[in-house]
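Novice: Based on what follows, work out the 3D shape:
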Amino acid sequence: VRVQIRNLPNQFETIGSLRSEEAISVRPEIAGRIDKIHFTEGQKVAAGALLFSLDDALTRADLNEANANLQNSERATKRAEEMASKQLIARAMLDASRAELAVNQARAASARTHLDKTQIRAPFSGVTGLREVSVGDYVNAGQEMVDLVRLDPIELEVRAPEVVLSSLALGQKVDFGVDSFRDDIFSAIVVAIA
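Specialist: Now for the predicted structure:
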């Protein structure tokens, strides 16, 4: 046998676990009745995809009222500015009109935000789990509705023996295998050492 020099891989066996990089329970920020569900369980969804629609009749009515009040305030402020420029009203009345306009602008923005909260969207791309709710259910703020998991990329968490810790470095490429795919070798990059 002719002796040859070659590199040997630094291998060790350990127990690890695969986990998703992102996993959340989707929860509403406001209470309401579920009007429509826009996905099926186990479906891949894109970031920003609509998952649930809550009944928005009351919030839409609040927005319409806030917009009507805002339009009245805009007209009243415009008239007050014209009259103030001709010195037909006191400066305090103009200031009060402008303050009322600012309040109505804030109320309209709040009503728009509240209406937007009736549309529950996926914060990132992933796969939906099993639903906890159905159409017609009344949900409270913070109630679990469905799990959303990002499966690409996936993270591997392992415990490394102390004797190999000195040979591990951030950014290093490592190959690994898993029991369920005995003949396959997968690659990963070390992103953290704790």
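Novice: I'd like the next helix or strand past the longest strand anywhere in the chain.
Specialist: Longest strand in the chain, counting residues (DSSP state E): strand 146-158. Going down the chain from strand 146-158, the next helix or strand is strand 173-178, by DSSP states H and E.
Novice: Run the chain-centre distance for the host helix or strand of Ser97.
Specialist: Assessed by DSSP H and E, Ser97 sits inside helix 91-116. Averaging C-alpha positions (CA atoms, centre = their mean, to the nearest Å) puts helix 91-116 29 Å from its chain's average.
Novice: Could you list the buried residues of the helix or strand bottoming out on mean pLDDT in the chain?
Specialist: Using mean pLDDT, DSSP states H and E, strand 173-178 stands out as the lowest-scoring helix or strand of the chain, at a mean of 86. Within strand 173-178, no residue counts as buried by 16 or more other CB atoms under 10 Å. C-beta: built from backbone N, CA, C; applies to glycine.
Novice: before we move on, back to that, which other helices and strands does the helix holding Ser97 contact?
Specialist: When contacts are defined as 3 or more CB pairs under 8 Å, 6 or more residues apart in numbering; DSSP states H and E, helix 91-116 sits against helix 57-85.
Novice: what angle do the helix it packs on and helix 91-116 make?
Specialist: With axes from the mean of the first three to the mean of the last three CA atoms, to 10 degrees defining the directions, helix 57-85 sits at 160 degrees from helix 91-116.
Novice: Low-confidence stretches in the protein?
Specialist: Along the chain, no part satisfies pLDDT under 70.
Novice: What are the neighbouring residues in contact with the one residue sitting closest to the centre of the chain?
Specialist: Among the residues of the chain, Pro123 comes closest to the average C-alpha position under CA atoms, centre = their mean, at 2.7 Å. Contact analysis of Pro123 by CB atoms under 8 Å, 6 or more residues apart in numbering lists Ile24, Ala47, Leu148.
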